[in-house]
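**Student:** please work out how this folds:
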Amino acid sequence: MALAVWMVVVAAHVPFVLADADASLGFSRGPWTDEGLYTAQVRNALQTGTLDLTESDGVIKEPLYALLAYGVLGGIGDSMTVMRLTMLGLSTLILAWVASGRALLSRAVLLGLPVLALSYYPFHYAHLALVEVTASFLILAALSAVHQRLCGAGRWTWGVSALLIFVAYGMKVQFVYAAVIPPLAFGVAWLLNAGAWRKTWRSALMDVTGSGAAAAVMAGVFAAAWYVPNRALMSFVLGSQSSRGSSSITQVMHSIAANTRELLMDRRLWGVWLLVVVGLVAAAVARRAVRIHPEQQRQWAALIGPPTAWVLIELHKLTLSYLPSRYVLSLVMALGLLGACGLLAAWHWVERGPDRAARHATLSWRHGVIAALVVVLGLDMRDYAKAMERRTYVIRDTQQRLAAEGRWNGQLVIGPWTSTLFWGSGALTKPVWKGYFNDGETLRRLQPVAIASEPDEADSEGAYQAAGLSLAQPPTWSVTVRDWTVNLHPPAQTQRVK
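**Tutor:** Okay, here's the model as predicted:
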């Protein structure tokens, strides 16, 4: 089963591996620039032999991803396609491993594949060289361990769930909030098993405490090994990014309302919302069906509790003033898992329950589950077909063009777009952002052979103008990636503004 799931999902991605990120992935330029940005330091280090943590924010935020990229790119070659295939293969292997289990949650994952793996946002981020999908599947795997503990597995599940979450935020530190999901999942499962509160509160408290302690130990390892030695840089990076994305107290309610409205109106999420609504109704019906069966009620809570906890934690993202599509990936997956668990609960306890025959029902939850999944798959296929028609290859063609020129090896080019466009050319690349990295006096000291910039310098937030530099005109060449025009300027003609 695991191999079949892996092969089907990977095969669906193959037509997109060489293409640009899909044009409908959102307003942020991140899907088109960040594949290069988060591997640039590693690729520079492979050429120079020295890793410079201060030249960008990629390695400091994604240390385990950087380690993986170092091994893959150093062992195979400086290729964006190789890195994309690596992340796609890793993500789908984790998903297939979880889906192939015997526990009820694993069956729910298999049932939820139309959202977890094939719905628009998870699908189109999975074949990019980014970590969000992989990290989300690691959280999913951690919840599988929690579910097994709730179904009677040993205390080893505490450590396994904490380790998987550790790997997730080791791949991207912004996922550190996920450390609280396993302890919360144990607590939520206990609350949902209302008929057994008095009998189970001691074991529930032990699970919450044990998983929390395991999470604290792993967080301590991360802090000692990475945060404390790099505290100044980490504080600068996280402080800068949180100040840009966080809402003030007076803005929180506005952000929640605006983000909720945006997500509800996004037609690419309609399949997700359908699965969630039908799944929640199904979960409520299943809860009613098991109310007089203590063991089934415990199993129901063990199934519904973990995804509920995941959704509750992910909802904090609705408070952000800056919410690109990549940030909501894990929320989409959490909602998809909750909906799938609800559908499975109805199928398992209502459809197969002893009262089914007595009702002489001609329709069943089996029909409802199949109908919902067919609709969701239909929406997925619609989005898939449209994305196939929209495919462009501007980034691949530009990379091939620059690599064919053969004159960039070991040469420094700067600008946020360079890390992606010059991938495979042998160039050393550094991003430039006003008030963040490589700006001001540092920018004036750099001696690049070329500067890539959007005409209005929006990609660098006006870093060159702020540093008193004027980009030479006209540019040597230009390329347009979706809505953004990127010009390449010769620095020999760049002059300081007086």
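
**Student:** ok, Ile370 to Val281 distance?
**Tutor:** When distance is defined by Cβ to Cβ, to the nearest Å, Ile370 is 15 Å away from Val281. Placement of C-beta: from N, CA and C, glycine included.

**Student:** cool, and Ala346?
**Tutor:** When Cβ to Cβ is applied, the distance between Ala346 and Val281 equals 8 Å.

**Student:** look at these two and report which has more neighbours.
**Tutor:** For Ala346 versus Val281, neighbours defined as other Cβ atoms under 10 Å are more numerous around Ala346 (26 against 16).

**Student:** may I ask which helix or strand encompasses the residue lying closest to that one once chain neighbours are set aside?
**Tutor:** Leaving aside its chain neighbours, Ala346 sits nearest to Ala282 (3.6 Å; criterion: Cβ to Cβ, 6 or more residues apart in numbering). For Ala282, the host element (DSSP states H and E) is helix 270-289.

**Student:** which strands and helices sit next to that helix?
**Tutor:** For helix 270-289, the helices and strands in contact under the criterion 3 or more Cβ pairs under 8 Å, 6 or more residues apart in numbering; DSSP states H and E are helix 113-116, helix 294-314, helix 329-345, helix 365-390.

**Student:** now it: mean pLDDT?
**Tutor:** Per-residue pLDDT values over helix 270-289 give a mean of 94.

**Student:** pull the CA atoms of it into PDB?
**Tutor:** The C-alpha trace of helix 270-289 is given here as PDB (Å, rounded to 0.1, in the frame of the first residue of the first chain):
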ATOM      1  CA  TRP A 270     -13.600  24.700  -1.700                       C
ATOM      2  CA  GLY A 271     -12.900  21.000  -1.700                       C
ATOM      3  CA  VAL A 272     -11.200  21.400   1.700                       C
ATOM      4  CA  TRP A 273     -14.200  23.200   3.100                       C
ATOM      5  CA  LEU A 274     -16.600  20.600   1.700                       C
ATOM      6  CA  LEU A 275     -14.600  17.800   3.400                       C
ATOM      7  CA  VAL A 276     -14.400  19.700   6.700                       C
ATOM      8  CA  VAL A 277     -18.200  20.500   6.800                       C
ATOM      9  CA  VAL A 278     -19.300  17.000   5.900                       C
ATOM     10  CA  GLY A 279     -16.600  15.500   8.100                       C
ATOM     11  CA  LEU A 280     -17.700  17.500  11.200                       C
ATOM     12  CA  VAL A 281     -21.300  16.400  10.700                       C
ATOM     13  CA  ALA A 282     -20.200  12.800  10.200                       C
ATOM     14  CA  ALA A 283     -18.100  13.000  13.400                       C
ATOM     15  CA  ALA A 284     -21.100  14.300  15.400                       C
ATOM     16  CA  VAL A 285     -23.300  11.500  14.000                       C
ATOM     17  CA  ALA A 286     -20.600   9.000  14.900                       C
ATOM     18  CA  ARG A 287     -20.300  10.400  18.400                       C
ATOM     19  CA  ARG A 288     -24.000   9.900  18.900                       C
ATOM     20  CA  ALA A 289     -23.700   6.300  17.700                       C
END
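
**Student:** got the angle for that helix vs helix 329-345?
**Tutor:** Helix 270-289 runs at 40 degrees relative to helix 329-345, counting by axes from the mean of the first three to the mean of the last three Cα atoms, to 10 degrees.

**Student:** buried residues, helix 270-289. List them.
**Tutor:** Along helix 270-289, the positions that meet the burial threshold by neighbour count (16 or more other Cβ atoms under 10 Å) are 270-276, 278-283, 285-287, 289.

**Student:** the residue nearest to Ala346: what's it in contact with?
**Tutor:** Gly342, Leu343, Ala345, Ala346, Trp347, Val350, Trp365, Gly368, Val369 (Cβ atoms under 8 Å, 6 or more residues apart in numbering).

**Student:** the last one is in contact with Trp347, isn't it?
**Tutor:** To tie it back to what came earlier, the one meant is Val369. Yes - with contacts defined as Cβ atoms under 8 Å, Val369 counts as touching Trp347 at a distance of 5.4 Å.

**Student:** just the C-alpha atoms of stretch 430-447, please, in CSV.
**Tutor:** Listed next in CSV are the C-alpha coordinates belonging to stretch 430-447 (Å, rounded to 0.1, in the frame of the first residue of the first chain):
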residue,chain,number,x,y,z
LYS,A,430,23.6,37.1,-2.2
PRO,A,431,20.2,38.6,-1.6
VAL,A,432,19.7,42.2,-0.8
TRP,A,433,17.0,43.6,1.5
LYS,A,434,16.7,47.0,3.0
GLY,A,435,17.0,46.9,6.8
TYR,A,436,17.6,43.1,6.7
PHE,A,437,20.6,41.5,4.9
ASN,A,438,23.4,43.0,2.8
ASP,A,439,22.1,46.5,2.8
GLY,A,440,23.6,49.9,3.6
GLU,A,441,27.4,49.9,4.1
THR,A,442,27.6,46.2,3.5
LEU,A,443,26.0,46.7,0.1
ARG,A,444,28.4,49.5,-0.8
ARG,A,445,31.3,47.2,0.0
LEU,A,446,30.2,44.3,-2.2
GLN,A,447,31.8,44.0,-5.6
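
**Student:** contacts for that stretch, please.
**Tutor:** Outside of stretch 430-447, the residues that reach it under the criterion Cβ under 8 Å, 6+ apart are 37, 40, 44, 54-57, 240, 412-416, 418-419, 448, 460-464, 466-469, 491, 496.

**Student:** kindly provide the whole-number mean pLDDT of that stretch.
**Tutor:** 91.

**Student:** ok so, going back, for the contacts of Ala282, work out which two are farthest apart.
**Tutor:** Taking Cβ to Cβ, the two most distant members of the contacts of Ala282 are Ala345 and Gly368; they sit 12.2 Å apart.

**Student:** neighbour count winner among these two?
**Tutor:** For Ala345 against Gly368, the residue with the higher neighbour count under other Cβ under 10 Å is Ala345, and the figures read 28 against 19.

**Student:** is the more buried one in contact with Gly305, as I believe?
**Tutor:** No - because the distance of 11.6 Å does not satisfy Cβ under 8 Å, Ala345 is recorded as not touching Gly305.

**Student:** wait, a strand at Val486?
**Tutor:** Yes - assigned with DSSP: H, G, I helix; E, B strand; the rest coil, Val486 falls within a strand.
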